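Visitor: below are the sequence and a predicted model for it; my questions follow.
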Amino acid sequence: MPRPLKVFRTSAGFHDAYVAASSRKAALEAWGADVDLFTRGVAEQVTDEKLMAEPLKRPGEVIMRSRGGLADQLKALGPRKKAKPERADPEKSPAKPRAMKPPPRDPLDRAEAALESAVDRHAKAIGQLETERAKIDRKIEVMRSQQAREIDKLKRRETDAREKYRDALERWSER
């Protein structure tokens, strides 16, 4: 008869690694641990039903769960430790604090100026092309209007010539 499954948990960074296994040894194998995490106090058996549900559905598989949100994880890191001051060498003179200069801004200023210049130059070029397009559009409208008048005039002339030709053809055929 197979041994009943238990759920075990260990810490893995900002996550907890859960595994459903028949023994501590099987849990350590599933986690790929080389040392006994249980004797070191970093692994434990879980008895909370909510935490056991998912690992029991997938026995032998390591289930990773985030240990809270960003605020919880930052809090778990603890307070920032201040750097330990170096011990002063009695033979050396006391060190003078160096004045920290901010990094030079010149490269950023040049990049911003180049970008602004390019944007202005491109906008100006597009504006000129759009002005030219408007002029061409007006010329096209004028030309279409002139062509329409000319075609109307030529159609009327053609219609008149056709009528005159039919009349002349009728007179000729009546003779």
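Guide: That came through, no problem. Numbers count the residues shown, from 1 in each chain.

Visitor: name the SS class of the closest residue to Ser23 other than its chain neighbours, please.
Guide: Sequence neighbours aside, Arg3 is the residue nearest to Ser23 in space, at 6.9 Å (criterion: CB to CB, 6 or more residues apart in numbering). Quick note: C-beta positions are derived from backbone N, CA and C, even for glycine. When classified by DSSP: H, G, I helix; E, B strand; the rest coil, Arg3 comes out as coil.

Visitor: look up phi and psi at Arg3.
Guide: Dihedral angles of Arg3 (phi, psi; degrees, to the nearest 10) stand at phi -70, psi 150.

Visitor: how far away is it from Thr47?
Guide: Arg3 sits 17 Å away from Thr47 when distances are taken as CB to CB, to the nearest Å.

Visitor: give the contact list for Ala123.
Guide: If you count contacts by CB atoms under 8 Å, 6 or more residues apart in numbering, Ala123 has none.

Visitor: so what pLDDT did it get?
Guide: Per-residue pLDDT puts Ala123 at 90.

Visitor: Ala12 versus that one, what's the distance?
Guide: Distance from Ala123 to Ala12, by CB to CB: 54 Å.

Visitor: next one: Ala20
Guide: For Ala20 relative to Ala12 (CB to CB), the value is 16 Å.
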